[in-house]
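>>> What shape does this take:
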Amino acid sequence: MTSGIAEFAQKYNVKNAHYTAFGDATSAKLGWYDKDHKMFKLTNVSEPSEVTTMTGDITLYNGKPFAHSHISVATSDGICHGGHLLELIVGPTFEFYITVESTPVYKRVSPEFNALVVDLSLEK
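Residues are numbered from 1 along each chain as shown. Sure, this is the predicted structure:
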């Protein structure tokens, strides 16, 4: 799913957008960002699940579209797992809604967190 969002943004020259989605997934890889260690703690959901919500944005990083998504997925026992979306295999159904904005938004790496942040002073 994450590569599909980036491909869409590249193909249609999207420089700023936000999106929401929900549906089904066959597997997911989620991350919780540990600011102290500057890395993700990973959670793998390897069973079919319901995507209860997914939200995110597309901005520009190093001149290319970059998708940043957060997601919650519920497994058959009703437990929800959430965090940064790192990988998602969807199916059999998935609904994705995107709103493209006209003003580009740029990100840069924050040395403090080793993570991308919006920088309104950037223009390229």
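>>> Now Ile5: phi and psi?
phi -70, psi -50 (degrees, to the nearest 10).
>>> which of the residues in stretch 105-122 are buried?
105-107, 115 (16 or more other CB atoms under 10 Å). Where C-beta positions appear, they are placed from N, C-alpha and C, glycine not excepted.
>>> For those, work out which two are farthest apart.
The two members of the buried residues of stretch 105-122 with the most space between them (CB to CB) are Val105 and Ala115, at 15.8 Å.
>>> In this structure, where's the longest strand?
strand 80-100 (DSSP state E).
>>> still on that earlier bit, of all the buried residues of stretch 105-122, which comes closest to Ala67?
Lys107 (11.1 Å).
>>> Give me the contacts around the strand or helix carrying the closest one.
Assigned by DSSP states H and E, Lys107 belongs to strand 107-110. Residues outside strand 107-110 that contact it (CB atoms under 8 Å, 6 or more residues apart in numbering) are 59-61, 66, 115-119, 122.
>>> Parallel or antiparallel, list what pairs with that strand.
strand 115-118 (antiparallel) (DSSP bridges).
>>> list the contacts for Gln60?
Heads up, residue 60 is Leu, not Gln. With CB under 8 Å, 6+ apart, Leu60 has these contacts: 15-16, 66, 104-107.
>>> can you check Met54 too?
19-22, 69-72, 85, 88 are the contacts of Met54 under CB under 8 Å, 6+ apart.
>>> Wait, Gln10 touches Pro65, no?
Yes - counting by CB atoms under 8 Å, Pro65 is a contact partner of Gln10 at 5.6 Å.
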